[in-house]
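Chemist: Predicted structure and sequence below. I'll ask about it afterward.
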Amino acid sequence: MARLNQVFKRVLMVFLSGWLLSGAALASGTQVGSNKETLSFLEHGDVKQVYMVLWRGLTEAERGFMDALMAQPKPVEFIVRNAGKSHEQLALIRDDIRLRKPDLVYSFGTTVTSALVGTESNFNPDLHVQSIPVIFNIVADPKGAGIVNDYEHPQRNITGTSHLVPMGTQVAAMQELEGVKRIAVIFNPKEKNSMLQVQALKDASTAAGLELVAFELPNANDAEAGAHFAAFARYIKEQKADIVYLPSDSFLISHAKALVNTSHGTGIPVFSATEGPIRKSGAYMGLVSRYYNVGQFAAYKAQQVLFDGKAIAQIPVETLKRFSFIVNMTAAKMLDRYPPVTIMQTAEVIKE
């Protein structure tokens, strides 16, 4: 309890639901929840305000980000808003950011970041966030998405972290498995992030002498996901795929359990670009950057802005330099396909 009170002295988290917020609610600035000690910090103006915008709820990336900022001695107020995968909600949140003028904005993923700040080639100063520094997190390909054009010296008021392991490295990891000659990938054509990954996978597969077959989702509709995945299962059997690549795509990750079950039901293992589907949805394995660690890295960049007085242009866009091989042994047993010793020597082995 004492530790909780200490946290409250330094941090006020404001969580608003993922449902659409009315204009009045957004404009009111009402704090949800209260703590007299925390509010005393706010009254003295000693607290830096970080406005966090999520797409599909709180992930380990946000936990890592908040834990890292809470661990430093200066107080921070977090306003946390979840768009709930709604573009309409994102527009309202963007308006609220421009109204509140926080000290810094944290944005999760390509979709959220693009909606808040636009792109290098499509930016509207009357619409997008411009004067407030933005730290993005879990963006697969910031340059390909048009969010930044210079990783070393970002030209706009935005920098951040990417979470994807280089595609060539992921393909090399898949080649460690016996008999992998043809990779299948499922992708969402409405997500630029998904399209960029498919192109990168195609290039890396070709360079490695592997074949790639791609299945395009007819639409990213939650109600039809099961039917789409059943069609995908038929497709990968017809194409005689050796492994399925699950990209970093919010819609696919949200339905990872169903996708993994249908793919594994055909006897074809799923290699995931992110750790969540391996830990929570039974995917076979993946070479990943841990969301929690990427979140901490993003917090380091935020700290440089908030407390060290650095300009965004001085803070490069980066990814982690060390990656984690994760193997789901429950999936391996079910598939009767055990990874080679070269992988098991360094992998983290988990069981559901």
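Modeler: Alright, I've got the coordinates.

Chemist: Assess the claim that Ile147 and Glu120 are in contact.
Modeler: Yes. Using C-beta atoms under 8 Å, Ile147 makes contact with Glu120 at a distance of 7.4 Å. Yep, even glycine has a C-beta here, placed from its N, CA and C like the rest.

Chemist: Between those two, tell me which one has more neighbours.
Modeler: Ile147 (26 against 15; other C-beta atoms under 10 Å).

Chemist: what's the nearest residue to that one if we skip its chain neighbours?
Modeler: Thr113 (5.7 Å; C-beta to C-beta, 6 or more residues apart in numbering).

Chemist: Packing partners of whichever helix or strand that neighbour is part of?
Modeler: Using DSSP states H and E, the element containing Thr113 is helix 109-117. With contacts taken as 3 or more C-beta pairs under 8 Å, 6 or more residues apart in numbering; DSSP states H and E, helix 109-117 sits against strand 48-54, helix 87-100, strand 104-108, strand 134-137, strand 158-162, helix 192-207.

Chemist: residues touching the residue nearest to Ile147, list them.
Modeler: Ser107, Val134, Phe136, Val139, Ala145, Ile147, Ile158, Gly160 (C-beta atoms under 8 Å, 6 or more residues apart in numbering).

Chemist: try it again with 6 Å
Modeler: With contact set as C-beta atoms under 6 Å, 6 or more residues apart in numbering, Thr113 has these partners: Ser107, Phe136, Val139, Ile147.

Chemist: Quick check: pLDDT value at it.
Modeler: Each residue has a pLDDT score; the one for Thr113 is 97.

Chemist: Roughly how far does the closest residue to Lys257 other than its chain neighbours sit from Tyr51?
Modeler: Spatial nearest neighbour of Lys257, excluding adjacent residues (C-beta to C-beta, 6+ apart): Ser281 at 4.2 Å. Separation of Ser281 from Tyr51 (C-beta to C-beta, to the nearest Å) stands at 30 Å.

Chemist: of the two, who's got more company?
Modeler: Using other C-beta under 10 Å as the criterion, Ser281 and Tyr51 rank with Tyr51 on top: 25 against 22.

Chemist: can you pull up the bridge partners for that one?
Modeler: Ile79, Val105 (DSSP bridges).

Chemist: contact partners of stretch 51-71?
Modeler: Applying C-beta under 6 Å, 6+ apart, the external contacts of stretch 51-71 come out as 11, 76, 78-83, 85, 93, 97, 102, 105-109, 111-112, 137-138, 250, 254, 291-292, 294-296, 298-299.

Chemist: Buried residues, that stretch. List them.
Modeler: 51-56, 59-62, 64-66, 68-70 (16 or more other C-beta atoms under 10 Å).

Chemist: Tell me the one among those nearest to Thr169.
Modeler: Distance to Thr169, by C-beta to C-beta, is smallest for Ala61 among those, at 20.4 Å.

Chemist: ok but that closest one is inside a helix, no?
Modeler: Yes. With DSSP: H, G, I helix; E, B strand; the rest coil as the criterion, Ala61 is part of a helix.

Chemist: okay, it: pLDDT?
Modeler: 96.

Chemist: do Trp19 as well
Modeler: You'll see Trp19 listed with a pLDDT of 32.

Chemist: Also Thr342?
Modeler: 89.

Chemist: Please name the nearest non-neighbouring residue to it.
Modeler: Glu176 (5.7 Å).

Chemist: and that neighbour, how many residues sit next to it?
Modeler: So Glu176, with other C-beta under 10 Å, has 15 neighbours.
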